[in-house]
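> fold the stuff below for me.
(chains A and B, ligands or ions: 2)
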Amino acid sequence: MLEVEKINTYYDTSHVLQNVSLKVAAGQSVALLGRNGAGKTTTLRSIMGLTPAKTGSINFEGKQIRGMQPYEIAKSGVSYMPDDLRVFVDLTCEENLEIARRVCKRSGHWTREKVEELFPVLADRRKQKGLSFSGGEKKMLSLGRALMMNPSLVLLDEPSEGLAPLVVRKLIETIGEIRRRGLTLLLADQNLKFCRQVCEYGYILEKGTVVHEGSMEAIWANDEVVKRYLAV
Amino acid sequence: MMESLVHVCLAGISAGMFIWLVASGLTLIFGVLRVLNFAHGSFYMLGAYLCYTCLKFLGIDFWLGVIVGPLAVCVVGYVMERYLLRQVYDLELPYQLLLTFAVVLIADELVKIIWGAGSIGSPTVPGLAGSVQIVGRNFPVYNIFIMVIGPLVALALWALLEKSWWGRIIRAAASDREMAAAIGVRVPSLYTGVFVFGAWLSALGGALAVPYVGLLTTGMGEAVIINAFVVVVIGGLGSLKGAFLGALFIGLLNSFGTRFIPALDMFLTFILMGVVLLWRPQGFFAGVDR
Ligand SMILES: Nc1ncnc2c1ncn2[C@@H]1O[C@H](COP(=O)(O)OP(=O)(O)OP(=O)(O)O)[C@@H](O)[C@H]1O
Ligand SMILES: [Mg+2]
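Ligands and ions are numbered 1, 2, ... in the order given. The predicted structure follows:
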């Protein structure tokens, strides 16, 4: 469903992603692993068109999306949850969700009711502005907003970061629920244990290149790889 | 004395309403596009001249002129955003200021070429001509009309931004342009829309000012943009509430200044801006809000 081939992305003159290639099959959940600054966020942002890749190809459902505007990529079915929880602070919780559905104009399983079922706290805070939300609530709202676009592929940046272990467990269940609805996931996270529970395949990035890939179980079992690329 | 004070207030409020119409678009455009549009006063001037032309030369009704003039200015705004401003969004502020200032000069010269250099007299409005007695003095009916229109526009803008989805999208894009794009907002088109809308507001002010100012001059755009800039800075860049209150305040200040210390003229306004900026550099209401 998603095929990234040899993309190169720059921030001004610094060459951040170097020939990154990866594949995500429909219905699959794939992890991007790697230490701080490895290029995980940049990879997701390149796919979304927010920091466009200069060269290479990004094929999504048979369509070349490299070079397309972010709004076109969003409308073709990719949604993005940023790591810095950027909910629209001036809109209420309800508006944050609805705006995504209205703007993106894709129909499907996800409605506000369904999202609120998944995250009951969003129903409790329906009329409150995004500004007043806690970090965890913003995360749920941000994920809920991504779902409201009824995408076929969701890019999640650091979904487990900063969450208490109990909340992480809840998130794992939620992601399972989302996947049962047929969504494909590509997520960047440093938490190997978490990734092992929600993903079947993983890519390890270092200094902007893919240095290793394999099933999550194989990565988990490979002490040498873990020590070399992931241990802090 | 009492009568005189009441009338100075009334004059200040009605003058403030024109500043408000210009400042509202200016602050909205800044809040969303992050561009300070020097040429916003030119839209006001063009709105006035085009409305005037409609009724003088095409012989159509003033009210039709108020509709047609600002719509014509929308076309100017569209061209300016699409073909000029779009080139400088990513450049530093001085480039934007230079470009919009160039538009001011071009607009002034064009108006001089088309309508001639001198001022042209403006007509009175059928239906709203004449005046009424307020505390023993005459007050133009048209100014009362303006004092009603100003708050109505404010109310409409508030409703648009708070209650419509277009307004919510504008607020979302103003607070986080990139995430707005990531949920599917066509940001460049939204920018064009907001710019054209802001131009329309300013031109509406200009068209409505035709019977009020009595004389049309090429300098009218600059006069109003200076006040509107001060208003927007005092009120907080991007804040409509700030712009409305600021416009009222500047209108009143100018009115009292002219009446009691005419020698100071604009000086008072700038002193006020300086004081506010020292005291609250972000203005009284920061951010696009209600
Ligand atoms: N806006 C930017 N301008 C310049 N360089 C940047 C920018 N953002 C990131 N970088 C650089 O690009 C590289 C990759 O960063 P990226 O954020 O993609 O890493 P990451 O794997 O997501 O790290 P983290 O785990 O900290 O989120 C880093 O070296 C970083 O310093
Ligand atoms: Mg990151």
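
> next, count neighbours for residue B:214.
Around residue B:214 there are 12 other residues, counting by other C-beta atoms under 10 Å in any protein chain shown. In short, each C-beta sits where N, CA and C put it, glycine included.

> show me what contacts the closest residue to it other than its chain neighbours?
Distance criterion C-beta to C-beta, 6 or more residues apart in numbering or on different chains; nearest residue to residue B:214, sequence neighbours excluded, is residue B:122 at 5.9 Å. Residue B:122 makes contact with B:48, B:52, B:210, B:211, B:213, B:214, B:215, B:216, according to C-beta atoms under 8 Å, 6 or more residues apart in numbering or on different chains.

> the third one is in what secondary structure piece?
When you say that, I think you mean residue B:210. helix B:187-213 (DSSP states H and E).

> so what secondary structure elements neighbour the next helix-or-strand element following that helix?
Later in the chain than helix B:187-213, the nearest helix or strand by DSSP H and E is strand B:215-216. In terms of contacts (3 or more C-beta pairs under 8 Å, 6 or more residues apart in numbering or on different chains; DSSP states H and E), strand B:215-216 is packed against helix B:40-57, strand B:120-121.

> pLDDT of whichever helix or strand comes after the last one, averaged?
By that I understand strand B:120-121. The C-terminal neighbour of strand B:120-121 among helices and strands, as given by DSSP H and E, is strand B:131-134. Averaged over strand B:131-134, pLDDT sits at 85.

> buried ones in the very next helix or strand once past strand B:131-134, by neighbour count?
For strand B:131-134, the following helix or strand on the C-terminal side (DSSP H and E) is strand B:137-140. Across strand B:137-140, burial judged by 16 or more other C-beta atoms under 10 Å in any protein chain shown covers B:139, B:140.

> and strand B:137-140, what does it pack against?
Against strand B:137-140 (3+ C-beta pairs under 8 Å, 6+ apart) you get helix B:2-33, strand B:131-134.

> residues making contact with that strand?
Against strand B:137-140 from outside (C-beta under 8 Å, 6+ apart): B:3, B:7, B:10, B:130, B:131, B:132, B:133.

> which residues touch the third one?
For residue B:10, the contacting residues are B:134, B:139, B:143, B:147, by C-beta under 8 Å, 6+ apart.

> contacts only, for the one residue in the stretch 101-250 of chain B that gets nearest to ligand 2.
Closest contact between the stretch 101-250 of chain B and ligand 2, by C-beta to the ion, is at residue B:178 (15.0 Å). Neighbouring residues of residue B:178 by C-beta under 8 Å, 6+ apart: A:50, A:70, A:86.

> what do you get if the cut-off is 6 Å, keeping everything else the same?
residue A:50 (C-beta atoms under 6 Å, 6 or more residues apart in numbering or on different chains).

> gap between the two ends of stretch B:252-271?
15 Å (C-alpha to C-alpha, to the nearest Å).

> show the average pLDDT along it.
83.

> with stretch A:59-72 instead?
95.

> ok, residue B:272 to residue B:259 distance?
16 Å (C-beta to C-beta, to the nearest Å).

> ditto for residue B:109
Distance from residue B:109 to residue B:259, by C-beta to C-beta: 35 Å.

> what about the two, which has more around it?
residue B:259 (14 against 11).

> could you report the separation of the more buried one from residue A:130?
Look at residue B:259 and residue A:130: by C-beta to C-beta, they are 47 Å apart.

> before we move on, what about residue A:25?
34 Å.

> residue nearest the centroid of chain B?
Note on chain B: the residue nearest the mean C-alpha position is residue B:22, at 0.5 Å, using C-alpha atoms, centre = their mean.

> spit out the contact partners of the closest residue to residue B:276 other than its chain neighbours.
Closest residue in space to residue B:276, ignoring its immediate chain neighbours: residue B:234 at 4.9 Å, by C-beta to C-beta, 6+ apart. Residues near residue B:234 by C-beta under 6 Å, 6+ apart: B:246, B:276, B:283.

> now with 8 Å, please.
B:242, B:246, B:249, B:250, B:272, B:273, B:276, B:283, B:284.

> now name the helix or strand holding the fifth one.
Residue B:272 belongs to helix B:267-279 when elements are defined using DSSP H and E.

> returning to that earlier point: list only those of the contacts of strand B:137-140 flagged as buried.
Here, 16+ other C-beta under 10 Å leaves B:7, B:10 buried among the contacts of strand B:137-140.

> per-residue pLDDT, residue B:288?
45.

> in which helix or strand does the residue nearest in space to the middle of chain A reside?
A centroid search over chain A (C-alpha atoms, centre = their mean) returns residue A:156, at 1.5 Å, as the residue closest to the centre. Per DSSP H and E: residue A:156 is located in strand A:153-157.

> list the contacts of that strand.
With C-beta under 8 Å, 6+ apart, strand A:153-157 has contacts from A:1-2, A:24, A:40-41, A:44, A:47-48, A:60, A:77-83, A:143, A:146-147, A:178, A:183-189.

> now do stretch A:58-75
Stretch A:58-75 has contacts (C-beta under 8 Å, 6+ apart) with A:1-5, A:7, A:46-50, A:52-53, A:56-57, A:76-78, A:80, A:104-106, A:149, A:151-153, B:178, B:181-187.

> interface residues of chain A facing ligand 2?
A:40, A:41 (C-beta under 5 Å from the ion).

> what residue in chain A comes nearest to ligand 2?
residue A:41 (3.1 Å).

> confidence score at that residue?
The predicted local confidence for residue A:41 is 96.

> kindly report the same for the one 10 residues further on.
The confidence metric pLDDT takes the value 95 at residue A:51.

> what about the strands in chain A?
A:2-11, A:14-24, A:29-33, A:55-60, A:63-64, A:78-81, A:153-157, A:184-188, A:201-206, A:209-215 (DSSP state E).

> tell me which of the ones you listed is the most buried.
strand A:78-81 (a mean of 27; mean count of other C-beta atoms under 10 Å in any protein chain shown).

> distance from that one to the middle of the chain?
Mean-position distance between strand A:78-81 and its chain equals 6 Å (C-alpha atoms, centre = their mean, to the nearest Å).

> neighbouring strands - and their directions - for it?
strand A:153-157 (parallel) (DSSP bridges).

> ok, the strand it pairs with near ligand 1 or not?
No. Using C-beta under 6 Å from any ligand atom, we find that strand A:153-157 stays clear of ligand 1, coming within 7.2 Å at best.
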